[in-house]
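Q: model the structure of this input:
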Amino acid sequence: MPFHRIELWNGSHFVKSSLKSLGIRIQLGHPAGESVGLDYCGCGRTSTGQVEQLLERRLYPATVVNPKTAATFRVLELFELLQYESKLSTYEFYQTISRLTDNTGLDTPKDRYPTLLRIVHQWRHLKMLKRTGRGHDPFRGASETRPGECALLCPPCPHPGINLPDGWENVEKGLSYCYMDYITVLSLQLCLLKMFLISYDIACQWFINLFQRITRIDQSCPLLQPDVEIRFLVPKFHLPAHIPTCRNRFAFMLTPGAGLGDGEAPERGWGELNPLATSTREMGPGMRRDTLDYHFGDYNWRKMVRLGDSLLKKMVTATSEVAEHVIAHQELEATLNADQLRLWKDAVVAWELDGSNPNPYELIVKTPTQAAVRRQLVEEEEKALAAGVDTSLSDEVSPALLIARGIDLEGEQRSLKTLTKLLWEHSQDRQITRVKLRSNVLTRKLEEWFSLLQLYIPTSVLLRKREPQRKEAPKPFEVKLWLPSQIGKSASFDLSLAEIEYKLRNAQAHEALDTLRRNLQIRATLYDVKNRWLRGQGANTRALNAIATVQARIVAARDEYRQARIALLALSDLLDYPRVDQEFLPLQDQDIRSMTEGEPGQGETRRTLSWIWRRVNAADATEQETQAAITETIRVEWGKSRARAQRYQEEIKLVEEEMNRTLRFFDWKAADWHNKAARPGPIAPEYAEGLKAYAERQAALCQFLRESFKSQWKGVPSLIKSANDEVERPDLFYQRKQQEFDRRKKKTDKIFHSSSMPSPPVTVPDSTLPPV
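A: The predicted structure follows:
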């Protein structure tokens, strides 16, 4: 009792206080209090039953009929918060309480674990009803609670009639996250918004025929209204796994109104609940659903009370970076032709207004792909068979399939060679086994390959026999495949095989360059994110691992291009194809850099664009065609630069409005609780006082949160003004960057100076000096 936290009645509701403020003193040196029994009042002076008497003393009964067991409110509150924070199971908590009672096993208490499970479930349900004001409704009981009525509303989100100003229909944008049609319909039942950004991992497939499916569920769904605008997006983390068309069409960064949102909020919630898996997997469906609901409710509550920090952090990020992106875009536009720029803007605006228009973020200059070439070869073979011409020497493998298999085997050889290089004398057995298994599989594939090759190129048998003998058998990735490009003019064979390989190699080289360019841009972005935002060993280690993965793809694409180019040059000599060496230039290490990187030693004024960003897909391309390809690349980069600048500017407006909506929401919520406190109804006087006190306390809490957030955000107007000033006057932005650089340099110099400073001289007393 002396260490309990108490509450003080202030005239309308209870507020937190302490026993010390009431003058309580603890007298040391005396024995602790004795244990006492519990007797129910039965004198007839009160009409309350046993359950009510226990509840009045903050004891929750295990049953409603002649209860023999009860749990204190405090232990239930402790378990609730402890599980929300640590995700421990009810069983673990019960065992802890049991061992605190007796940790010797000599006097083990009676098993109350099933009782505790039931009490905890009821407790949480009743607390949920209480916190959402269901106890203040004298006309509808708990069983009449409507779907979604106990959900915790998000203060910054737009709620018509709560935190939106008059005329909101013309300016507001909503954001909804949904995972299936039914959830979408339910979550938007009462929504009055006119614009939606709907984010889903596979939105590119899910939105097809969505409206027909929704019509069968609920024809009154807001998404079906004629004046509603909807854009479907894919969350940023999931987007890289999609094809290029999806990455350009469903990207948050390229969508007006999205700000700096990423669509990953649902994933963060599940990440918070992952530790619950060990306990929820043993539950029944109802208990599991309720447990997840309670934990998500606590997760949302914690997000709500931390809105002051989270929204301020978003605002600081946006205002500190917006000038950099806007100024960079303005400087880029200053170098472009005005007429061309006007055409580009019209195309982007047209796509933003109607997604069915051509996507301005896709390159018009297309390059061949291996899949397209293979399909073309199969279709040509189909036509030949229809005409009665069959050049295949095997029932299962055609000439086109043979060459395609050889190129695929070549890729497997490169992959196995890379894995083998990672082995060393201390490699684990599991790693060695994995490499050996892949090596054995490749060996069997090579045996099958050569048996097919000798059908189409019989001279390949002689070529293999002429190979120099080695003391040790070559490793599978060292075996020469004797494709037409490797045979050349050293032996005779059907040149149609060489023509097939040339088409496939041409596509392979272009694909490798596309992969190289894409991953170079990803690497540049990762480096930028790491340098700008990541701090701490853990975050930097994860970033370096991600960069290493991308770098491995770059190296693989480099090796694939180089091997394809060697084959193309050999085939061009064999088939007399001109200018192949001009179309596919040698790829040096200094050529492998992003668009913003120069060669080593080059400054910004002397920086040149690597040739990998300037090539078109024809060896006989004219100067005009080459310039058109460069212009296309610049057009796409200009569009993305424009999108980045706009998203940062939007983020400032969105976060500012979210702050305003949050303050208006708490005003509304406080007024709602005040109304509940004053609401008349057929309620007994002894209960009415408690209901009024609870409602007043909840109203005061809402006002406290509002004032706390308002105080945190008092500097936001000056942040926005400074950001706008830097956008209008770039010299202010450059001055700030110079000051930040000077501060970092000063700090670095101070650290370096302190670490290299010589030890101070030691003063020796005269009496210790040796005689002269």
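
Q: next SSE after the host helix or strand of residue 375?
A: Residue 375 is part of helix 370-386 when elements are defined by DSSP states H and E. Per DSSP H and E, the first helix or strand lying C-terminal to helix 370-386 is helix 399-421.

Q: what pLDDT, on average, does that next one get?
A: The pLDDT scores in helix 399-421 average 90.

Q: what of stretch 734-752?
A: Per-residue scores along stretch 734-752 average to 77.

Q: how far does it sit from its chain's centre?
A: For stretch 734-752, the gap between its own C-alpha mean and the chain's C-alpha mean amounts to 33 Å (Cα atoms, centre = their mean, to the nearest Å).

Q: can you find the helix or strand of the protein with the lowest average pLDDT?
A: Within the chain, confidence by mean pLDDT, DSSP states H and E is lowest for strand 174-177 among all helices and strands, at a mean of 34.

Q: about what we covered before: list the buried residues in the helix holding residue 375.
A: Residues of helix 370-386 classed as buried by neighbour count (16 or more other Cβ atoms under 10 Å): 370, 373-374, 377, 381. Just so you know, the C-beta spots here come from the backbone N, C-alpha and C atoms, and that holds for glycine as well.

Q: repeat for stretch 679-690
A: Residues 679, 683, 688 are the ones in stretch 679-690 that count as buried (16+ other Cβ under 10 Å).

Q: what does that stretch rub up against?
A: Outside stretch 679-690, the residues that touch it by Cβ atoms under 8 Å, 6 or more residues apart in numbering are 136, 138-139, 691.

Q: now do that stretch, average pLDDT.
A: 76.

Q: and for stretch 198-216?
A: The pLDDT scores in stretch 198-216 average 78.

Q: export it as PDB, just CAs?
A: What follows is stretch 198-216, C-alpha atoms only, in PDB (Å, rounded to 0.1, in the frame of the first residue of the first chain):
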ATOM      1  CA  ILE A 198      -4.900   3.000 -52.600                       C
ATOM      2  CA  SER A 199      -1.700   1.200 -51.900                       C
ATOM      3  CA  TYR A 200      -1.400  -2.600 -52.200                       C
ATOM      4  CA  ASP A 201       1.600  -5.000 -52.700                       C
ATOM      5  CA  ILE A 202       0.100  -6.300 -56.000                       C
ATOM      6  CA  ALA A 203      -2.100  -3.300 -56.900                       C
ATOM      7  CA  CYS A 204      -1.100  -3.700 -60.500                       C
ATOM      8  CA  GLN A 205      -3.000  -7.000 -60.700                       C
ATOM      9  CA  TRP A 206      -5.600  -6.400 -58.000                       C
ATOM     10  CA  PHE A 207      -7.100  -3.200 -59.400                       C
ATOM     11  CA  ILE A 208      -8.100  -5.000 -62.700                       C
ATOM     12  CA  ASN A 209     -11.900  -5.600 -62.600                       C
ATOM     13  CA  LEU A 210     -11.900  -4.300 -59.100                       C
ATOM     14  CA  PHE A 211     -15.000  -2.100 -59.600                       C
ATOM     15  CA  GLN A 212     -17.000  -5.000 -61.000                       C
ATOM     16  CA  ARG A 213     -16.100  -7.100 -58.000                       C
ATOM     17  CA  ILE A 214     -17.000  -4.200 -55.600                       C
ATOM     18  CA  THR A 215     -20.300  -3.700 -57.300                       C
ATOM     19  CA  ARG A 216     -21.300  -7.300 -56.400                       C
END
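
Q: how about it: buried residues?
A: 198-201, 203-204, 206-207, 210, 214.

Q: kindly report the same for stretch 222-242.
A: By 16+ other Cβ under 10 Å, the buried positions in stretch 222-242 come out as 222-223, 230-236, 238-239, 242.

Q: same question, stretch 64-80
A: By 16+ other Cβ under 10 Å, the buried positions in stretch 64-80 come out as 67, 70-71, 76, 79-80.

Q: over to stretch 572-582?
A: Within stretch 572-582, the residues scored as buried using 16+ other Cβ under 10 Å are 572, 574, 577, 580.

Q: would you list those residues in a markdown table and tack on pLDDT and distance to residue 328?
A: Compiled in a markdown table, those are given as follows (pLDDT from 0 to 100; distance: Cβ to Cβ, whole Å):
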| residue | pLDDT | distance to residue 328 |
| --- | --- | --- |
| 572 | 91 | 42 |
| 574 | 90 | 49 |
| 577 | 89 | 43 |
| 580 | 86 | 38 |
